[in-house]
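J.: Next comes the sequence, and after it the predicted model I'd like to discuss.
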Amino acid sequence: MRKVDPGKIKMAGIVSIVSHQFKTPLAIIKGYLEVLLSGDCGEINVSQREYLSDALENVKRMSCLIENLLDISRIEEGQFKVKLRAVALEKITEQVLKNLSTWIKANNCDIVLKKPKRLPRVLADPDKICQVVQNLVTNAVIYKTSRGKVEITLKKVNKEVLFICKDNGVGISRKDFDRVFSKFYRSEDAIELNPSGSGLGLYISKAIIELSKGKIWFTKNKKRGTVVTFSLSVAD
Ligand SMILES: Nc1ncnc2c1ncn2[C@@H]1O[C@H](COP(=O)(O)OP(=O)(O)OP(=O)(O)O)[C@@H](O)[C@H]1O
Ligand SMILES: [Mg+2]
């Protein structure tokens with residue numbers, strides 16, 4: 001093993017080491033909470049179920065934050081890698097919407113997906129693009145004050161496929177269109193609507209899209225809300 005002088009470990013390295021140290025204990029706590037909730041260790045009453053479910057939700061949130069911090073330290077160390085291959089963006093989008101469907105309904109939101117009959121495959125890393133789509137959809141669903149209406153459009157323009165997500169939420173002011181991609185940036189509205197967010201999703205999404213040779217940007221929705229678009233190159 002390569003010996004590293006502890007005094008020379010940079011901040012990203014420290015974050016990475018600490019995050020790795022958190023991963024195993026969190027996985028163990030999550031496992032025990034799931035076993036207790038399953039009732040395999042004895043029946044639990046309603047309030048016990050409530051407390052355990054709450055604890056499990058928070059452990060899941062911490063695991064997610066740790067994954068994000070690990071991604072960031074990899075990005076900053078130049079170690080974040082994408083494995084590009086031909087993938088069907090509409091399949092990934094449909095899968096993400098399916099996985100989130102109960103949560104989307106519970107959050108008082110309707111989502112429609114518009115796509116042509118045939119869409120060429122794009123060059124991307126499926127797991128990583130799934131992460132991007134998930135972050136954009138969750139942002140569109142969360143950052144609103146009334147019933148959410150989200151429209152996702154997939155279309156081919158020249159040699160690229162565009163993913164366009166339009167929402168009717170609180171919106172982002174034009175001067176912050178670039179700022180939202182910086183680490184830990186969160187608007188006042190966002191902090192109020194989703195206190196547990198970390199402001200890392202778009203930073204990571206931008207890194208993924210740019211490593212996939214695409215682009216990601218925000219524009220205003222005509223009346224209210226936001227439009228976020230990313231582009232990826234056609235593979236076929
Ligand atoms: N669709 C949207 N409508 C309004 N504001 C948005 C939208 N998407 C992003 N933002 C703003 O950009 C900020 C950064 O978004 P990002 O996804 O990076 O972080 P987050 O959602 O706050 O936390 P997390 O890291 O858990 O995703 C948000 O906090 C919010 O202020
Ligand atoms: Mg987010």
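T.: Structure's in. What do you need? Numbering: from 1, shown residues only. Ligands and ions are numbered 1, 2, ... in the order given.
J.: which residues does Leu26 contact?
T.: Counting by C-beta atoms under 8 Å, 6 or more residues apart in numbering, Leu26 makes contact with Val59, Met62, Ser63, Ile66. Where you see a C-beta, it was placed from the backbone N, CA and C, and this is true even at glycine.
J.: Now flag whichever of those residues is closest to Lys10.
T.: Ile66 (18.6 Å; C-beta to C-beta).
J.: isn't there a strand covering the closest one?
T.: No - remark: Ile66 does not belong to a strand; assigned using DSSP: H, G, I helix; E, B strand; the rest coil, it is helix.
J.: How much space separates it from Pro25?
T.: According to C-beta to C-beta, to the nearest Å, Ile66 stands 11 Å off from Pro25.
J.: Comparing these two, which residue is more hemmed in?
T.: Ile66 (18 against 10; other C-beta atoms under 10 Å).
J.: what does this structure have sitting close to ligand 2?
T.: Asn135, Asn139, Gly201 (C-beta under 5 Å from the ion).
J.: Out of those residues, flag the one nearest to ligand 2.
T.: Gly201 (3.3 Å; C-beta to the ion).
J.: where does that closest one fall, phi/psi-wise?
T.: The phi and psi values for Gly201, taken as degrees, to the nearest 10, are phi -60, psi -50.
J.: Contact partners for the residue lying closest to it once chain neighbours are set aside?
T.: Closest residue in space to Gly201, ignoring its immediate chain neighbours: Asn135 at 3.8 Å, by C-beta to C-beta, 6 or more residues apart in numbering. The contact partners of Asn135, taken as C-beta under 8 Å, 6+ apart, are Gly201, Leu202, Ile204, Ser205.
J.: Kindly identify which of the residues you listed also come near ligand 1.
T.: Restricting these to those adjacent to ligand 1 (criterion: C-beta under 6 Å from any ligand atom) gives Gly201, Leu202.
J.: And the contacts of Asn135, which two are furthest apart?
T.: Leu202 and Ile204 (7.4 Å).
J.: circling back to that earlier point, please pick the buried ones from the contacts of Leu26.
T.: The neighbour count (16 or more other C-beta atoms under 10 Å) marks Val59, Ser63, Ile66 as buried among those.
J.: and the first one, what element?
T.: If you go by DSSP states H and E, Val59 is part of helix 46-76.
J.: in that helix, what's buried?
T.: Using 16+ other C-beta under 10 Å as the test for burial, helix 46-76 gives 52, 55-56, 59, 63, 65-66, 68-76.
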